Each structure stands twice: as structure tokens, then as C-alpha cells.
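Novice: return atomic coordinates for the entry below.
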Amino acid sequence: MLRGLDSAASGMFSLERRQEALADNLANVQTAGYKKDDTTLRSFPKLLIQRIQDFNQNNVIPVAGAPSIPGFPVPIGELYNGVYAQERVPNFSQVPIVETDQPLDIAINDQGISSQNINGHQVKPAAFFAVQLPDGTVGYTRNGKFDLDASGHLVTADGYQVLGADHKPVQITDSISKADLQINQNGQIISYPNDPTKTKMVGQIGIAVAPNPNDLTRMGKNVYQSPNPLSFIQDPGSTDPGVSLQQGFTEQSNVDPGQTMSDMMMTVRGYEANQKVIGAYDQSLEQLYSVGKLNG
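Specialist: Purely as a prediction, here's the structure:
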């Protein structure tokens, strides 16, 4: 009976973690470039139950398909020990981009990247903007809503400096208004594109590609980190895998609010069902305790 309590409790814990992931997804439905998390639920390894016969010949019980030998284990069946939420896996599928007409809004289009075979599975690489985090490490994001800070650095909405093709923060030293900047599909930042006498390249945004984006770790604020530094497509010897940038556009979140709400309601129903199972076990144990108390 207590195994049933354990199974129901593990189901509640797992559904609670799934609900947390769904709530995070729903909270970021309007966050540019946000990638939803899918929660993977798995069952604990099953156990094979066997009855061990004693060595009294008179107690040998014949079982179909098993030799009737004293002391020989007789198969009974399988025991399942509930489920657990193994991990939250980001879904890096790309969604349509929307036009904003803001000169420093940049969207990544990496639909041209071909899938790769990794450990027998087809995995599609993903492109990211590289940013410098406060501790000096490098993070990666799909949120291309940028701005210029007081020192002319290209920064994200959270103040992280965007790295250029040279792996250094992009800094525009000239006093240029955002409207006088043009960013082409290769990430080159050109000042005064409509004035041939002033036109020049003042920087280039670095584009990092993760061969297997599932290896990335979500760090918060729509930023990921990689166990190993990612290569830029502008690095020497690199080839363009099919990535381009679009100025004046942002990538939407890939969270479907309607589907997410439906999944949240189903998760609540499953949680309530496990609560009722535990309640039933609790009543049975209470009755058993009452009977034992009266007989004692």
C-alpha cells in the first residue's frame, strides 16, 4: 500500500515541476526570442518481483513455465515506482519574425542551417547573439532588442554588452544617432548609409552557432551558456551555414499561449487526481489504525 503512496507523491512532484515550466513559458509569451521549455517526464526503473520458495518439498507450488524446484525463484510480475521530471528541455524551433521599424532591433534567421546527425539523432544547430555577462563570461541569446549605452556600446535590454565578430564588445565611438545606422544581413554596422561621403563600417555583430543547442544551459534573463565557447561564423576558416540578420525586426517567443493554458489545466487535473489517490490511502490507513487500536 505504501508503494501506492510513493507513486502518487512522485506524480505530484513531477506535475508540480511541469507546472512551473509552463508558468515560466506563459510569463515570457511576449519576450522577444524566448524559447519555451518542454518538461520530460520519465518513469523510475521498473523492478522484477520474484517469490523465493522455501526448501520444503511439500510447499512447492507449480507455476506454469517455471520449474517446480525448491528454492527456485518464481516470477510474480513487474513493479513500477512512479515518475519523475527528468529535465526541462528548451525548444529552439524558430517562429515568424515581426517588423518593429526600430533601427537596433535585430532578428536572426537561421532556417538555412542544415540538420546534423549527432549520436544517431537529427539535430538542427541554432544561431545566437553573443553577449558579455557581468562576471566576464560569455552568454548567448536570441533576443535582438538592442540599444546604445552612454559609452556607445551595443547592449541588450538587461545591459549586457553585445560581442562583435572580433569577440570584443561592439562600441560605436562616433556620435551617431541610431537612425543613422544600418545593419546588413552579415551583421556589419554601417554609419550614414545614405551619405556616400560619410559611409563607413563602424562594427560587426558576432553570430555564434551552437551545433547542438540542447547542450546549452539556461541562465535566466533569456540568456544561455555553453560548456565550451561557441564559434562565430565570422571566425577564420568558418563557412556561412545559412544565417542572416534582419534589421528592424524581432523574433517572437515560440510559446503558444492557448496550448500552454490547456497544458496547465491538464496538469492541475492530474495533480488533483494524485491528491485523491493519497486521500484514499490516508482513509484506508486511518481505518486500519482504528481497527488495530480497538483490537489492542
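
Novice: tell me the contacts of the residue most central in space within the chain?
Specialist: Geometric centre of the chain, nearest residue: Pro90, 2.0 Å, by Cα atoms, centre = their mean. Neighbouring residues of Pro90 by Cβ atoms under 8 Å, 6 or more residues apart in numbering: 35-38, 213-214, 216, 218, 224. Placement of C-beta: from N, CA and C, glycine included.

Novice: mind checking which helix or strand the closest residue to Tyr84 other than its chain neighbours is in?
Specialist: Of all residues not flanking Tyr84 in the chain, Ser14 sits nearest, at 5.6 Å (Cβ to Cβ, 6 or more residues apart in numbering). Per DSSP states H and E: Ser14 is located in helix 2-27.

Novice: report the buried residues of that helix.
Specialist: For helix 2-27, burial by neighbour count (16 or more other Cβ atoms under 10 Å) applies to 7-8, 10-15, 17-19, 21-22, 25-26.

Novice: over to stretch 239-257?
Specialist: So for stretch 239-257, counting by 16+ other Cβ under 10 Å, buried means 243-255.

Novice: so which of those residues sit within strands?
Specialist: 244-247, 249-251 (DSSP state E).

Novice: what mean pLDDT does the helix holding Ser14 get?
Specialist: Per-residue pLDDT values across helix 2-27 average out to 89.

Novice: kindly report the same for stretch 102-112.
Specialist: 92.

Novice: hang on, Val268 in a strand?
Specialist: No. Counting by DSSP: H, G, I helix; E, B strand; the rest coil, Val268 is not found in a strand; it is helix.

Novice: can you tell me the SS state at Ala273?
Specialist: Per three-state DSSP, Ala273 ends up helix.

Novice: likewise for the one 5 residues further on?
Specialist: Three-state call for Ile278 (three-state DSSP): helix.

Novice: distance of it from Met12?
Specialist: Computed as Cβ to Cβ, to the nearest Å, the Ile278 to Met12 distance reads 8 Å.

Novice: got it, and Asn228?
Specialist: On the measure of Cβ to Cβ, Asn228 and Met12 end up 37 Å apart.

Novice: and for Asp215?
Specialist: For Asp215 relative to Met12 (Cβ to Cβ), the value is 31 Å.

Novice: and what of Arg88?
Specialist: 18 Å.

Novice: got it, and Asn254?
Specialist: Here the criterion is Cβ to Cβ. By it, Asn254 lies 28 Å from Met12.
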